[in-house]
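Q: Mind looking at a prediction? Sequence and model below.
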Amino acid sequence: PEGLFTDPGVATSAKGFEAGNFNDAAWKTVSLPNTLDATNAPELVSIDGGVWFRRTFDLPADIALKNVTLHLGAIDDTDITYI
């Protein structure tokens, strides 16, 4: 989105992460919601930048065309969500 800081170091390595058919089999898992600290996500503690998470869920057909709200909880600085 326009106006957000674009990290050129992430731009190429994140290419395709937002695609629904992206193969994330090699990604590590983290239990959310949770605090991303040394106990829950030690590999993320030293990162001061963007992190990608993926979640799969089934949307029941009876609410597929209704207005719904997605609650993400606390976000530090900025967030972009793809559905």
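A: Cool, the structure landed. Numbers count the residues shown, from 1 in each chain.
Q: Next, name the residue at the spatial heart of this structure.
A: Taking Cα atoms, centre = their mean as the criterion, F53 is the residue nearest the geometric centre of the chain, at 3.2 Å.
Q: Can you give me the separation between that one and L65?
A: The span separating F53 from L65 equals 26 Å under the rule Cβ to Cβ, to the nearest Å. Yep, even glycine has a C-beta here, placed from its N, CA and C like the rest.
Q: still on that earlier bit, so what's the residue nearest to the centre of the chain up against?
A: With contact taken as Cβ atoms under 8 Å, 6 or more residues apart in numbering, F53 is in contact with 30, 32.
Q: mind running it again at 10 Å?
A: 17, 24, 27, 29-30, 32, 36, 72, 81 (Cβ atoms under 10 Å, 6 or more residues apart in numbering).
Q: That one: which element?
A: With elements taken from DSSP states H and E, nothing contains F53; it lies in neither a helix nor a strand.
Q: any idea how far G73 lies from T81?
A: For G73, the distance to T81 equals 12 Å [Cβ to Cβ].
Q: and the gap between I75 and W27?
A: 20 Å.
Q: again, but for D76
A: Between D76 and W27 the distance, using Cβ to Cβ, works out to 20 Å.
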